[in-house]
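> here is a sequence together with a model predicted from it:
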Amino acid sequence: KNQVEQSPQSLIILEGKNCTLQCNYTVSPFSNLRWYKQDTGRGPVSLTIMTFSENTKSNGRYTATLDADTKQSSLHITASQLSDSASYICVVSASFGNEKLTFGTGTRLTIIP
Amino acid sequence: DTEVTQTPKHLVMGMTNKKSLKCEQHMGHRAMYWYKQKAKKPPELMFVYSYEKLSINESVPSRFSPECPNSSLLNLHLHALQPEDSALYLCASSQDWGQGDEQYFGPGTRLTVT
């Protein structure tokens, strides 16, 4: 069964600090991995998308890494801001054809001033 | 324009009502999706439309009826819902289905069934 696990479930950090969120997956065959940011009551917004051959991708203060051998990904947030408070969801896509996304349960990040 | 719009933002309905959720995109995407999301849970896929035809129905109860009038619009018709159907309903679209394309999500409709 395809699964995506994220850790920690929740995280509280001070504004300006860095943090790293983790994602482990068992989706096979692998197509791509995405990180989404979801504000409460809103739809998810894509941060990064990485394929098998990519091991790092940045989007501003967000940097995602992917280790396809160990089936792990991380999302590093630099110099956090209050607006970074949200849920961060790791989503893995199986290979082409009848594609379905497997969603992780998310990490709830809270930035405090 | 990389926006998926959904209306209404909020909806409160009784168990005997009939209502519809609407979703629209103008990115030329050929695949559109409905998801249901309960609080503190990840989105769950309900339906997938590809080229205006229903491709996936994830065993959704018949009280939810999707419709794709054209390539830019996706509706979800609701009838005789239960309180446990209260959730955030998300619409998404992608260039194609089954090609690993990125899905763009709308802001969602917060549905409360009383």
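All right, it came through fine.
> all strands of chain A, in order?
All strands of chain A, identified by DSSP state E, fall at A:4-7, A:10-14, A:19-25, A:30-38, A:45-51, A:56-59, A:62-67, A:72-77, A:86-94, A:101-103, A:107-112.
> which of the ones you listed comes out lowest on mean pLDDT?
Among the strands of chain A, strand A:101-103 carries the lowest mean pLDDT, a mean of 89.
> so does that one get close to chain B?
Yes: Strand A:101-103 lies within reach of chain B by Cβ under 8 Å from any Cβ of the partner chain, at A:101, A:103. Just so you know, the C-beta spots here come from the backbone N, C-alpha and C atoms, and that holds for glycine as well.
> each with direction, which strands does that strand pair with?
strand A:86-94 (antiparallel) (DSSP bridges).
> quick one: the strands in chain B, in order.
B:4-7, B:10-13, B:18-25, B:31-37, B:44-50, B:53-57, B:64-70, B:73-79, B:87-94, B:104-105, B:109-113.
> among the strands of chain A, which is nearest B:Lys41?
strand A:101-103 (8.8 Å; Cβ to Cβ).
> what sits up against the closest one?
A:2-4, A:25, A:27, A:34, A:89-94, B:42-43, B:45, B:103 (Cβ atoms under 8 Å, 6 or more residues apart in numbering or on different chains).
> go on, stretch A:14-29?
Counting by Cβ under 8 Å, 6+ apart, A:1-8, A:11, A:13, A:33, A:35, A:71-82, A:88, A:90, A:92-95, A:102, A:104, A:107, A:109, A:111-113 sit against stretch A:14-29.
> distance between the ends of it?
Using Cα to Cα, to the nearest Å, the end-to-end distance of stretch A:14-29 comes to 38 Å.
> quick one: neighbours of residue 60, just the number.
In the absence of a named chain, this looks at chain A. Using other Cβ atoms under 10 Å in any protein chain shown, A:Gly60 is surrounded by 8 other residues.
> could you do chain B instead?
Neighbour tally, B:Val60, other Cβ under 10 Å: 17.
> figure out which of the strands of chain B is closest to chain A.
Judged by Cβ to the nearest Cβ, the one of these that comes nearest to chain A is strand B:104-105, at 3.6 Å.
> is the closest one anywhere near chain A?
Yes: shown here: strand B:104-105 in contact with chain A (Cβ under 8 Å from any Cβ) through B:104-105.
> and the most centrally placed residue in chain B, what does it touch?
Chain B has B:Trp34 as the residue nearest its centroid, 2.9 Å off, counting by Cα atoms, centre = their mean. Counting by Cβ under 8 Å, 6+ apart, B:Trp34 makes contact with B:23, B:45-47, B:64, B:66, B:74, B:76, B:89-91.
> give the contact list for residue 52.
If you meant another chain, say so; for now it's chain A. Here A:Phe52 is in contact with A:30-32, A:68 (Cβ under 8 Å, 6+ apart).
> wrong one, I was asking about chain B
Each residue near B:Glu52 by Cβ under 8 Å, 6+ apart is listed here: B:68, B:70-71.
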